[in-house]
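Student: Next comes the sequence, and after it the predicted model I'd like to discuss.
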Amino acid sequence: MKLRANLVIGGALFGLAIIVGLLAPWLAHTDPVLDANLMNAEEPPSWTWWFGTDGQGRDIYSRVLYGARVSLTVGIVSQLINSVIGVALGLSAGYFGGWWDDVVNALTNLMLAIPSLIFALAIMAVLGPGLTSLLIALGLTNWSFTCRLARASALSLRNQGYVQAATVLGYGDLRIMITQLLPNMLGPIVVIGTLGMGSAVLSEAALSFLGLGVRPPFPSWGSMLSEARDQITTAPWLSLFPGLAIFLTVLGLNLLGDGLRDILDPQSRSRRT
């Protein structure tokens, strides 16, 4: 029951974040960028301003909704890039072995030795701030975990009978990797990808907090926290709601990944019970 609850709660929170992001133009009360009015600056939450307003009189509720688009885009796209790189390198290294396996292992160990956020900061310093730079930076930093998982799976699967049978039937290496090995390692990759999206959302918030994310005045949760850091005591709602949005989204992704792991990995579920 607990395992199912993790999956349901996590899926509900993540699904809510996706719905909010997709329907932001219809759910928002005002334009998150253009509708600024200094006469309404720093209004506390009320029936008129559900989440209050910021220092420029912009509706925090509307900006949180639109900020979901940035965070989810970064989380999903960057993790897709990580997964493609990690699976391609790990699968080929585990299948072919030899010198290519040594090269991939060395590269993976190098990436694991560098803090991912520091590496992302270095890439952002070269590319400059912006959504595209953010996607590239986060897409190139966290593939090493997926790579190791894919390599370990390929090493254990390449000597299976069905793989040998495919070789006898004349299947090429690429066809064997795509049709025989990849489908049998998708479960763990989906789980680590789901958990990785939560890490990407946090990394996006951190980089945006430092001014390296989406260019203002377009809202993102991290940049909203950055703008509110000097008003934490005088106007706490400025940081409360974007911070709560980050917390609930990452919590949902972690619970969803935990629930998927228990479903896709029966051994993990039996160890817990």
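Tutor: Cool, got the structure.

Student: so what's the spatially most central residue of the chain up against?
Tutor: With distances taken as CA atoms, centre = their mean, Met197 lies nearest the centre of the chain, 2.0 Å away. Going by CB atoms under 8 Å, 6 or more residues apart in numbering, Met197 touches Gly75, Ile76, Gln79, Leu253. Quick note: C-beta positions are derived from backbone N, CA and C, even for glycine.

Student: Adding secondary structure, write the residues you listed out as JSON lines.
Tutor: Formatted as JSON lines, the contacts of Met197 follow (DSSP: H, G, I helix; E, B strand; the rest coil):
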{"residue": "Gly75", "secondary structure": "helix"}
{"residue": "Ile76", "secondary structure": "helix"}
{"residue": "Gln79", "secondary structure": "helix"}
{"residue": "Leu253", "secondary structure": "helix"}
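
Student: Nearest to Gly11 among those?
Tutor: Distance to Gly11, by CB to CB, is smallest for Leu253 among these, at 9.9 Å.

Student: What's the local residue count around the closest one?
Tutor: 26 (other CB atoms under 10 Å).

Student: And for the residue nearest to it when sequence neighbours are not counted, the neighbour number?
Tutor: On the basis of CB to CB, 6 or more residues apart in numbering, the spatially nearest residue to Leu253 that is not a chain neighbour turns out to be Gly198, at 3.7 Å. Residue neighbour count, defined by other CB under 10 Å, stands at 23 for Gly198.

Student: wouldn't Gly198 be in contact with Leu255 here?
Tutor: No - using CB atoms under 8 Å, Gly198 makes no contact with Leu255, being 9.6 Å away.

Student: Isn't Leu7 up against Ile263?
Tutor: Yes - at 7.0 Å, Leu7 counts as touching Ile263 under the criterion of CB under 8 Å.

Student: of the two, who's got more company?
Tutor: Between Leu7 and Ile263, Leu7 has the larger neighbour count (other CB under 10 Å), namely 18 against 15.

Student: now that one: how far from Thr234?
Tutor: 41 Å (CB to CB, to the nearest Å).

Student: and what of Val104?
Tutor: Here Val104 is placed at a distance of 52 Å from Thr234 (CB to CB).

Student: More neighbours: the two, which one.
Tutor: Higher neighbour count among Val104 and Thr234: Val104, with 23 against 8, using other CB under 10 Å.

Student: so who does the more buried one touch?
Tutor: Val104 touches Leu89, Gly90, Ser92, Ala93, Cys147, Arg151, counting by CB under 8 Å, 6+ apart.

Student: Let's see if you can find the most crowded of these.
Tutor: Counting by other CB under 10 Å, top hit in the contacts of Val104: Gly90 with 29 neighbours.

Student: Could you find the closest non-adjacent residue to it?
Tutor: Ala150 (2.9 Å).

Student: Tell me, how many residues neighbour that neighbour?
Tutor: Neighbour tally, Ala150, other CB under 10 Å: 29.
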